[in-house]
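A.B. asks: Got a predicted structure here, sequence first:
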Amino acid sequence: MKKLVTVTEVEGEGLDALMGESVLLFGLNYIYAGTLSGVNEKFVQLENAKIVYETGSFDKPGYTDAQSLPGKVWYIQLSAIESYGPGK
């Protein structure tokens, strides 16, 4: 049996490292893009959020089909996020 005996918490990793940056979040059902403006234990907050229906080529700027969501901020449940990274 292998056991993990030491846990080290590293500050500024994961979503925290992307705070204030443009991000792309792949969720269980949808893809979201926007500026990451908040993170807590249950949700992330995006400013100028968009739902992305078609990303297009990742080596080209912009998304092929991204529709703006209403309001200044949009909240996405952390448990629904499959993967994330810098947006374009």
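C.D. replies: Yep, it's here.

A.B. asks: gap between G62 and N48?
C.D. replies: 14 Å (Cβ to Cβ, to the nearest Å). All C-beta spots, glycine's among them, are computed from the backbone N, C-alpha and C.

A.B. asks: Compare neighbour counts for these two and give me the winner.
C.D. replies: Taking other Cβ atoms under 10 Å, G62 and N48 do not tie; N48 has more neighbours (15 against 9).

A.B. asks: The more buried one against Y32, yeah?
C.D. replies: No. In this structure, N48 is not within contact of Y32 by Cβ atoms under 8 Å, at 11.1 Å.

A.B. asks: tell me the pLDDT at the residue most central in space within the chain?
C.D. replies: The central residue of the chain, meaning the one whose C-alpha is nearest the mean C-alpha position (Cα atoms, centre = their mean), is L25 at 3.5 Å. What the model reports as pLDDT for L25 is 98.

A.B. asks: host element of it?
C.D. replies: Using DSSP states H and E, L25 falls within strand 22-27.

A.B. asks: Any chance you could give me that strand in PDB, C-alpha atoms only?
C.D. replies: Output in PDB follows, covering the C-alpha atoms of strand 22-27 (Å, rounded to 0.1, in the frame of the first residue of the first chain):
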ATOM      1  CA  SER A  22      -9.100  35.900 -19.200                       C
ATOM      2  CA  VAL A  23     -10.100  32.200 -18.700                       C
ATOM      3  CA  LEU A  24     -11.900  29.400 -20.500                       C
ATOM      4  CA  LEU A  25     -13.900  27.000 -18.300                       C
ATOM      5  CA  PHE A  26     -15.100  23.700 -19.600                       C
ATOM      6  CA  GLY A  27     -18.100  22.600 -17.600                       C
END
